[in-house]
Every structure is written in structure tokens, then in C-alpha cells.
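Novice: Below are the sequence and a predicted model for it; my questions follow.
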Protein chains: 6
Amino acid sequence: MEKILAGVHKFRRSVYPRDRQFFQQLSEKDQKPKALFITCSDSRVDPNLITQTEPGDLFLVRNAGNLVPPYAGIASGEAATIEYSIEVLGIKNIIVCGHSQCGAMRGLLNPQIAENLPAVKMWFNHAETTRRIVKNKYQNLAPQELIVAATEENVLVQLNNLSTHPAVAARLSAGEVRIFGWYYDIGSGCISQFDQQQGRFVELGAQAYATAPLPIRTNDETTSAVS
Amino acid sequence: MEKILAGVHKFRRSVYPRDRQFFQQLSEKDQKPKALFITCSDSRVDPNLITQTEPGDLFLVRNAGNLVPPYAGIASGEAATIEYSIEVLGIKNIIVCGHSQCGAMRGLLNPQIAENLPAVKMWFNHAETTRRIVKNKYQNLAPQELIVAATEENVLVQLNNLSTHPAVAARLSAGEVRIFGWYYDIGSGCISQFDQQQGRFVELGAQAYATAPLPIRTNDETTSAVS
Amino acid sequence: MEKILAGVHKFRRSVYPRDRQFFQQLSEKDQKPKALFITCSDSRVDPNLITQTEPGDLFLVRNAGNLVPPYAGIASGEAATIEYSIEVLGIKNIIVCGHSQCGAMRGLLNPQIAENLPAVKMWFNHAETTRRIVKNKYQNLAPQELIVAATEENVLVQLNNLSTHPAVAARLSAGEVRIFGWYYDIGSGCISQFDQQQGRFVELGAQAYATAPLPIRTNDETTSAVS
Amino acid sequence: MEKILAGVHKFRRSVYPRDRQFFQQLSEKDQKPKALFITCSDSRVDPNLITQTEPGDLFLVRNAGNLVPPYAGIASGEAATIEYSIEVLGIKNIIVCGHSQCGAMRGLLNPQIAENLPAVKMWFNHAETTRRIVKNKYQNLAPQELIVAATEENVLVQLNNLSTHPAVAARLSAGEVRIFGWYYDIGSGCISQFDQQQGRFVELGAQAYATAPLPIRTNDETTSAVS
Amino acid sequence: MEKILAGVHKFRRSVYPRDRQFFQQLSEKDQKPKALFITCSDSRVDPNLITQTEPGDLFLVRNAGNLVPPYAGIASGEAATIEYSIEVLGIKNIIVCGHSQCGAMRGLLNPQIAENLPAVKMWFNHAETTRRIVKNKYQNLAPQELIVAATEENVLVQLNNLSTHPAVAARLSAGEVRIFGWYYDIGSGCISQFDQQQGRFVELGAQAYATAPLPIRTNDETTSAVS
Amino acid sequence: MEKILAGVHKFRRSVYPRDRQFFQQLSEKDQKPKALFITCSDSRVDPNLITQTEPGDLFLVRNAGNLVPPYAGIASGEAATIEYSIEVLGIKNIIVCGHSQCGAMRGLLNPQIAENLPAVKMWFNHAETTRRIVKNKYQNLAPQELIVAATEENVLVQLNNLSTHPAVAARLSAGEVRIFGWYYDIGSGCISQFDQQQGRFVELGAQAYATAPLPIRTNDETTSAVS
Ligand SMILES: [Zn+2]
Ligand SMILES: [Zn+2]
Ligand SMILES: [Zn+2]
Ligand SMILES: [Zn+2]
Ligand SMILES: [Zn+2]
Ligand SMILES: [Zn+2]
């Protein structure tokens, strides 16, 4: 806690004064974030750092495993925040971002970890699809690769869950929202995005990708999307 | 989206290489975050910035309004992430941080905003206590002050909800976890913490505060409890 | 009730004796249905009639509006029956079939119908996405066309919900299950199937269609997913 | 799938044209079904066949085990469809129909079948009463008889659950709705109905029974129930 | 609070000493209550007083309106306490007791009372059947009579809900548990019990009634149903 | 049942006539109870006896273990009754009272007791915090002492859950409601109350205690409470 409190002190005395005007302007008008960014609670993942963005750019949902419960008419922080971001803030881009060395994914693949964690166990219901896909398709992988596969498949599963939310689905269908699946490799700093054409995650490098993996609908419908 | 993709590019080419070793080490050992930080999804709130911390320091939960549903034996991202942070990561400090100009608090006080947002409306059940406290105690405040009062009261309400989670309550009772209520004023850069002695939020400044607002009883009180 | 009881009588005396052997064989071995058929409760829709199939061919789920609640870790007849059909019966084809003149769709578009029907109102949560898509995309349609559009969109929405069920998703991802969206026009006897290539429902006629609208990605795409 | 698609073809070319007028009339006026028929998803059970009825006669609910969750203020396809059938369609007769060789009943009595089927396991909560009655009363039966007893008792249990639905209960209390418990033996073609007077299922034969079964029943009535 | 604290004082100083031995024996062996008594929270209803029983005799469930949510696989104090009373304590008699001047029943019939009471409103879902029966059958009654009718019908509705609990239903079916519906008129001191034969509540007077009431309706009522 | 019916008879013939006027007055005006008393279903606990109060004095909630589910926007008898007592009856004092030899607490500490009691098991979720506190802090206690410690800690846990209910929290925050934790020892007749100053339960004896253990808030705010 000392480091954190010292950091607050430093922010207040050294950082804030440098950008006083920026912060004052931030506080004076409503936020207009460029994307809703849904990622894991993992302390090693800093969305503003890896996208080199500033306060005001990313609207954030963070929970263990970057899970998105499907829309089921039940109170959920994820459902509310997604709905709010689209209907109130007018969000047009949603990124679901998994990451390497994810403890939640490790827990998902090793049920004994969550044995005495009832809340975690229930939460993993929303990644049960991930667990079964991994069990079905990747039996031959080594543990290290298995967790990468699980994390990538989980991003796709959560994108699909995301597409059951009325606010998202209605806009997807009208081509007014785009959804992206990302994977962040902490050690190598590599960020990749699911590419529907290639059916795999591709590094976000020189060219900026902007194709949305729209669930179910055809190209025709989506071509006019949010250009 | 262009700004975000350009930022990823910049991170990958300029930022990561500078700290390559740091990131590689991050990825090689399990995270050991210093605190669980529960705050709003608001794009203007950057926890790492205001605490001047680095990747690896803060385990994060973010949702609209920094709400913490009480423990009710129901699947919830908040419950799972809290349980995971304490039981698996050994978290010892939990901060619930509200902020100025919070859209969720504005929505809470102006129900017509959430009229057609069923997911948001259900989510606000977990801040219904806040709404009633505000209605009861602060009828005379101007709109500007009202939202500050609501946000501060909401932090206390969520701390109380937090203390219903078994993992938290058991550690609170044993003095092994501390919980803190913060308020971040975006425009002035001021971060304040609820001080139980004074019964109000006090700026975190020169001296570092570290007193935990333990709900119901303090360590001393409970040690002799059943003797 | 008299007609029904007379029908039972007739079945017992005239119909059963003709096919005694068939029924006895049916009862002697486990069912091996060719598809899971999810359709509306509407009395005018007879799946065995429109597919000219016999007892033993179609495993059936029927409810108002042929809705499929997404998988949410909550008890539901639909979730259980889907899971059972795949994991126990080895079902490989799932058809979600909407129909013309659907009272549920009419109720969905005219909320006053369900005003005093709390159970129906809650149930329509699972078609809220349909309602919003229709509101967004088809404002200019005449009432007659609107209900056709709603019913077709609803089939796609429910296919998407279907794909959140772990048993379905794992098999979809492995290419072991196919899901189909149908629309049955009662008056004309026309049955059409959603064609992903064309992005619209196409009459099932001379040629038998068998392309599955796989949500999010195709087989090809996923095989190479984590290589 | 080929058989099904061929069947659609046959329906469209040979069956529909014969009854074109009937189908057109069906589509032109609202349905007026004679009963709500709640039965199992089992592919071998064809309600229109065993009651020799036509499109327009039976409003159908079908799920694994013909279960009826009691009314609990929770979204459920069964609750919604029941409410709709009574309040909108004016249904006056409800039949709950179990059947021989029911896989759901077998699963209920052999919990290891549902071990890895979480959705099925939760669904069986609504037949937990059946399981306990069977365990209590029929320990001495051979497996073959046990499953018949379970299926019959389950029909009675679901009738009782049915009677907790406000739309049903209010009409039952006013004598405006009748509820019937049926058992269909696939191999012998025999359909029997629970007779409250006799406290057992009695074949629906020459005389048409129309007595409504009281849910729960007294001791006397139940002692001879499955003999 | 003063009256209550003075009462505690009086109990401790004057009442307890007189019966010290009785209380010590009570505490030394497990309770063996003679009945589970489910009644309203109303302060004017004292079950021990009106049955002239002593500590150790009645196991009690008390909530607003003496409601019994049907068994739905959901955590509920009522479900747990009922299950515990039967499976652990071996309870053989269950009484559901309504009372005159019941505020919960008044709230049920006058929805505006619960307008701003979300928890009460949701709770009344479990008496929605009562509300509809009353609306259907008793339109002509004066307000005073209406509330008596509602309270009596509600007792029957809750008996029916009670009979959906597996522990109850299995014992009812085996004749090992009896359930009774009571109505207590505070002003006249009259306690009546539902008599299935007569289809109405009958004063418990000289003769002790011990017949188990079938919930909801008598044979007479159903024979003439919807002819 | 005979004893109970004989008791009713006795009440009607001997007890009621003596206090006829009192009962008639009770029934003529709305109840104005002095406190909401939440205690265990245990047959040996008679709230009116131990507080020497009369009909009209105590509004009662009784369930196994005197648990108070936290407010979670879900239907619950406890939530509804608490809300009703405060908002409709104007209750100003709430007592949560545990007791010695509590079977629910024994079940909580010995999970094998609830092994086959699914409803009880789910209900104990609301005392999971108690279980973990006991496991953490009292490993060295003998079984007899352990259950006392569990019961006392459970009272505090439930007070905390109670404080998440909006109606309670809003009034607590305004000093308009007081909440008390009691422990009743059946064998010795001793009733003690949690004393926040001393951090332990203190016998309610000569002096009447009236200090409310307000969760979280400071003394300043509460000093003016409800005098
Ligand atoms: Zn992670
Ligand atoms: Zn905010
Ligand atoms: Zn329909
Ligand atoms: Zn079956
Ligand atoms: Zn009452
Ligand atoms: Zn107890």
C-alpha cells in the first residue's frame, strides 16, 4: 500500500500539475471514448499502455478472464456496462482482449484450482464453452500451448456471448458497431487480432486491421459498416 | 479505432523495446499485485496513472459505477474476481474508487436516463441503497454537490457490500485484509480517502493514510469476542 | 377435448394395429433421431408433417416463439434438452424453425399484448435482440412484412443464442454439428432456409440445401486457429 | 438430414397441394387449439398422431421429461407458453403426457448419466420430487417397472407444478380449466389417463374420460397407484 | 425498545427462575417440535399463545404474508427451513396459518401500496395466484370480506406451493406428512381449518380435526368443470 | 397434533375470553410493533416469552439460522419483510437474535449434515462468511465453544447483511434505525447483546443497553440516533 500511496502523492505533486489543463478539460465535457475495451483483471495488462492512449480514450470492463456473460435478462455488471457504453456513450468499437499467462484460463483448465472457490467456479460457467472446445480440439498440445489456445478460443467465445446482447446485436446487424478479438502476449509485447478471413489471430503490426468478426451475418450486410 | 491501432503500433515499436526486460520478467513469474482496485469503467479514470504504478501492481475490476454486488451465491464477475484475488493471489488491500462527473451516478439520480436500458436498471439495484441515502440526507444540495455526495456515499455502500463476501469478511475479521474508500476528482487531480475517525473523505496528501474502514468492528474488538 | 379423446380411440383401434410392428420396434431400441427441431408451440406447425418424417426422426423442443435462451448456467428446459440431445443422443443437426402468423412475434412487436402477462414479458427478454433489430432496420415495412422480417431475424438471433451453449459450440467449432435456420409459411406451404452466402432465406426446393450457418467462423478458419 | 430435406420436398410437392385450401384457411385466422399438450422431446412421441388431430388442434410444449417448473417469477419457456396459451388463446384443457422408455426418467433415476451434463442436472431439480417419491415408495420394483412408476408419478408431480402457475390456478379454482395426466406406452399404443377416483392411470378406451385429476391426492388414492 | 429491554430484565429475574429446570432440559436434548408452523410476521399473531404451546413445541417460519415460494432449485429461507424440519427434525405436521387484518394481503390487493417497495413487489409474485383467484371469483365482495377471502385463498395457494417441495411431496405421497390450512381471526379469537370435505374453513372447536386438507379444491368443484 | 388442537381449544375457551377486549382492540387498529425481531425457527426460542412482550409488540422473521440474505434485487421473504417493516410499519429497531444449541449452526460447521439437503446447502451460502470466520479464527476451540463462537459471529455477519438492504441502510445512515445483535442462551435464560465498545456480547441485565452497532459509519453521525 505504501507504494500506491507514494504514487498518489507523486501524481498529485508532479504529474497532475504538468497536465492540469488536460485534466480540467476532461472533467468539463462528457467522455467520448473511442472504444469499449473488455479485458482481464490481471495486473500486468495495462490497456492504456499497450494502446498508447490517454485518459478519455478507453471505456473499460475488467474481470477475471475477460468473460462476457451472454444476455439473459439478469443483473450483471458486464451487461449493464456494455449497454451503457453503446446506448449512452455511442460506442462503435468493442475489443475483447485476452492475454498470455492468464491465471483465469489456467484455473479453467485445472478445475482443482477453483475447487474451494465457489464464486470463481460459478463464474467459469461463462467459459464452459471454452473449456469444452479446448478439450475437444487440442488434446495433443503441450501445457504451454494449451493455455494459449484456450485464451484465444476464449476470446472468440466471449465475442459470441457479446453478440447476444441486444444493444450489440442490433448495432452489429445494422453495421453500426464492430467487435474485435485481441490477444496480448505480455513477454513479447505482441498484440494480435483475430482475422476472420484467415481464421486465426494475426499480429497487429504495420497495417492497421479493422475487420470485424461479425457473427452469423453475411458480408453483404456488413460491407457498409461504420466506414 | 485508428488512434488505438496506431497506439498499438507505437507501443510495439517504441515503448516495448525500451522495457523489454521488464515485460519478459513480468511474464515469467506469477503476478503479485499490491492491491485490488475496483473502479468505474469511465475512460477518464486511469488507475495506473493516478497511483503512478506499473504493470504488475494493481489487480483491476472495472464496471459502470464501481458497484460491488453483495455476496448472494450467484454468478458474478465481481464476486469471482474478488474471491480469486484474495484466495489465489493473496491480496491484502482493496480500494473502491469513485470519481467526479460519474455518468453512472448521474444515471442513478435521474432514473429517466435508464428508462430504456433494462440491463443498467437492474444493475442499479446494487446502488439502490446509495439512491435512498442521497434522497434522505441531501435534499438541499445543488445538482453539482448532489452528485459528489452520491458518489462518496456510493463508495461507502459498495465497501459495505464488499464486506459481505466471505473471502473478504473472513480476512477483515482476522485483520488480514484492509479495505479503502477513495474519491478521485478528475479536474483537480485530488484523490481523497474515507477517514473513519473524521467520518468524511480526506485528501491523500503529504501523509500517507493507511487506516482501513473495517465494517462493524475493529481487530481489538473482535479478539476478545468469544472469550 | 371430445375430438382429442375420439382421436385417441381411433389411433388405438385403427392406426396402431396397422403399424404394430413399427411401434414395437420403436420401443425396443433407443431413439436415434436425425435432428433436433426447435420450433414454436403454435398448433398449426406440425414438424413431422412438413418434413414428412415418422416417429423416431425428430427430437423436439417447442415453446412460444421458438426461443433459445443463451447458456447462462441457469436451469432451463431448452438448455437441458439441447445438452441432452447432443451429449446423450449424439444429435448432429439442429434446426430452429420460425413460422408465418406467429402470435409470439406479434406479441413481441406489440408490447401492450404482454402488458399483463408477466411470464411472457420475461420470456421475451430472450427475443429483445430481435425486437431491437426490427426497430432499427425495418421501420418502413408494412405490418404484414414487418412480422415476416421479425420472424426471420428472430430465427437468426436464436441460432446465435444456440451457439452459446457449450455442447453446441464445442461441436460447431469441431465441425461436428450443423445448425440451420428455417422459416415455414403456413399458407403457401413454403419452407425456406437461411443461406449464409446469399444472406437471406431461400426456399428449400428441388435441390436439398445443407449448408450450415456456422456462427463466427467456419471449419477451415478454425482448424489453423492456434498453429 | 437428407431424409428431412427429401421430406420437405415431398411435403411441398405432394402433400401441401392436396390440402392447399386447408392450409390457406389455417393461415388466415388465428389459431384456436383445443388443448395445450405438454410432452417429452422424445422423437417417438407424435402428439398429432396419437390423438389423430390436425394442424390447428394442439398447442405444444416439448422438453426433456415433460417437466413444468413451478411458477417462481423467473423467465421460463414453460411458464410463458402456459400463460400465453390460457390468457391469449383461451385454452381450457391441459394435458401433461409422459411416455414409456423415457430417457429423461432413466437419467433421473441414474444420476451418473447426468454427471457431466450440468444443464440437465439443474433441469432435473424440477423432477426432484419425482425422484424422492420413487425412492420412497418403489424400492422393490424391478428396473423396468420402476421407470414406469417414475414416469407416472412424474406426470402427477408436473400437474402439481402446473397448478402453481397463476393463470392455471385461477382458472382451476373457477372451474374454467381442466388438467389431465396421460401416459403413452409406445410399444403397445396404449394411452392411459390418471383417474382420481381410482387413484391410478386408466386406459383411454371405449369411453372418453373427462375427469380432471386433482394434484397431490390422498393416501387411499395413491396406495394402489402403480400396481 | 425500552419495553423490550425491561421485558428481558423481567424474564431473566422473574420468569426464568420459576422454570429453570424446564429450560435446562430444553437445552440439553435436541428439539422435537410437534409441528412446523408457517405464519405471517404480523406482531399480533403469537403461535404459542393461540395453540397454548410451550417452548419446544412449534418450529416456526414467519414472513410477510405467510408465503411459501414453490420449490425451484433457488436459495430460499422457506425452502431450507421446510427441508430441514422434515429431513432433520422429522416433522410430520405442517400448518400454514393466515390471519385477519393482514397487511400483506391488503398490499396484495392494493398494488399501489407496494409501488415503491421493490422487494415486497417481487415477493408478491408468490401470491400472484391468490391475487388472480380473488380477482376472478370475488368481484362482488365488500372490501372487508374481500380481504378475508384473499387470506383464505392464499392459505390454500401456499399449501399447494408447499406441496411442490420434494421433502414434503415425497412424504405426502407416502402419507407420512400432513398439511393443514388455518385462518386466525384476531378480534374474535376464532381459529378455523380448511376442511376438504366441506370445501371451506371450519372453526376448530370441540372436536379436534386432524384430516389433511388437499390443497386448492374439492372434488365437487372439479366434477362440474367446464362441461 | 393433538396437543396443538387441544391448545387451540383451550385458547378459545379459557384464554381469549379473559382478554377479549385486548384482542378486539388489536384487530381494530393497525399494528404498531416496537421492533422487528429476526430469529431462528428453533421451537425452543419464543421471542414474546424472553422479552415478556404481548401480541402487537414484535414483528417477526423466523428461518433456520436467523439468516438475512444481503439485498441482491432477488425475491426473498426476508428482504420483503424487512422492507415492509420499515417502509410501511415505520420500524425503528431491528434485533437479530441467535441462540444456543442451534441446529443450523451445527449444520453449518458439519457440512455432512446438509450433504443430501440441497435447499439447506444453498441457504447456507448466506452464512458462508460465518463458516470461514470460524474456520480462520477459532481452530483451537472445543466443539461446545465453537458453536457458541459460530452463533455469535453469525449474528454479526447477518447484521452486516442486513445493512445492505436499502431501507435499512438509508435509515441507518440518517440515524433513524438502530440494529442490535443478540444471543439467547436457552439453558441459563441469559440474553446478551453485542457491545461495539467492548467488541463482545454483554449480558442484558440491570441496565438497559441501547447502543446500536452501526456498520461502517462513524460515531459522530450516529450520536443523534432515534433517541
Ligand atoms: Zn487473465
Ligand atoms: Zn463513473
Ligand atoms: Zn409462433
Ligand atoms: Zn421422454
Ligand atoms: Zn399478515
Ligand atoms: Zn437455531
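Specialist: Received the coordinates, thanks. Ligands and ions are numbered 1, 2, ... in the order given.
Novice: Next secondary structure after the longest helix along chain A?
Specialist: Longest helix in chain A, counting residues (DSSP state H): helix A:143-162. Next in sequence after helix A:143-162, counting helices and strands by DSSP states H and E, comes helix A:166-173.
Novice: same for that following helix, what does it pack against?
Specialist: helix A:77-87, helix C:128-137, helix C:143-162 (3 or more CB pairs under 8 Å, 6 or more residues apart in numbering or on different chains; DSSP states H and E). C-betas here are computed from N, CA, C, even on glycine.
Novice: Just say which of those helices is most tucked in.
Specialist: Mean neighbour count (mean count of other CB atoms under 10 Å in any protein chain shown) peaks for helix A:77-87 among these, with a mean of 26.
Novice: and the next helix or strand after that helix, what does it pack onto?
Specialist: Once helix A:77-87 ends, the next helix or strand along the chain (criterion: DSSP H and E) is strand A:93-99. On a contact count with 3+ CB pairs under 8 Å, 6+ apart, strand A:93-99 meets strand A:35-40, helix A:143-162, strand A:178-185.
Novice: returning to what we had before: how about CSV for the helices and strands packed on helix A:166-173, with mean pLDDT added?
Specialist: Compiled in CSV, the helices and strands packed on helix A:166-173 are given as follows (pLDDT from 0 to 100):
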stretch, mean pLDDT
helix A:77-87, 97
helix C:128-137, 94
helix C:143-162, 96
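Novice: what's the closest of those to ligand 3?
Specialist: Closest of those to ligand 3 is helix C:143-162, at 8.0 Å (criterion: CB to the ion).
Novice: Roughly how far does the residue of chain A found nearest chain C sit from A:Gly181?
Specialist: Nearest to chain C, among the residues of chain A, is A:Gly199, at 2.4 Å (CB to the nearest CB). Going from A:Gly199 to A:Gly181 by CB to CB, to the nearest Å gives 12 Å.
Novice: Could you check which of those two is surrounded by more residues?
Specialist: Comparing A:Gly199 with A:Gly181 by other CB atoms under 10 Å in any protein chain shown, the one with more neighbours is A:Gly181, at 27 against 17.
Novice: Local confidence estimate at that one?
Specialist: On pLDDT, A:Gly181 comes in at 98.
Novice: my guess is it meets A:Phe194, correct?
Specialist: Yes: with contacts defined as CB atoms under 8 Å, A:Gly181 counts as touching A:Phe194 at a distance of 3.8 Å.
Novice: elements contacting the longest helix of chain A?
Specialist: Partner elements for helix A:143-162 (3+ CB pairs under 8 Å, 6+ apart): strand A:93-99, helix A:103-109, helix A:128-137, strand A:178-185, strand A:190-195, helix C:166-173.
Novice: Those into a markdown table, with extra columns for distance to ligand 3?
Specialist: What follows is those, written out as a markdown table (distance: least, CB to the ion, whole Å):
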| stretch | distance to ligand 3 |
| --- | --- |
| strand A:93-99 | 33 |
| helix A:103-109 | 38 |
| helix A:128-137 | 28 |
| strand A:178-185 | 30 |
| strand A:190-195 | 36 |
| helix C:166-173 | 22 |
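Novice: Of all the helices and strands in chain A, which has the lowest average confidence?
Specialist: With mean pLDDT, DSSP states H and E as the measure, the helix or strand of chain A carrying the lowest mean pLDDT is helix A:219-222 (a mean of 32).
Novice: how about the nearest residue to A:Ile4, chain neighbours excluded?
Specialist: Once flanking residues are discounted, A:Ile4 sits nearest to B:Thr51: 4.8 Å by CB to CB, 6 or more residues apart in numbering or on different chains.
Novice: okay, now that neighbour: neighbour count?
Specialist: B:Thr51: 27 neighbours (other CB under 10 Å).
Novice: and A:Ala170, how far is that from C:Lys135?
Specialist: Remark: distance between A:Ala170 and C:Lys135 (CB to CB) = 8 Å.
Novice: now swap in A:Ser192 and tell me
Specialist: A:Ser192 is 36 Å from C:Lys135, by CB to CB.
Novice: According to the record, where do the domains of chain A fall?
Specialist: A:1-30, A:32-203 (automatic domain parsing).
Novice: Point out the most buried one among those.
Specialist: With a mean of 22, the top stretch among the domains of chain A by mean neighbour count (mean count of other CB under 10 Å) is domain A:32-203.
Novice: do that domain and ligand 1 meet?
Specialist: Yes: Domain A:32-203 is in contact with ligand 1 by CB under 5 Å from the ion, via A:Cys40, A:Asp42, A:Cys102, A:Ala104.
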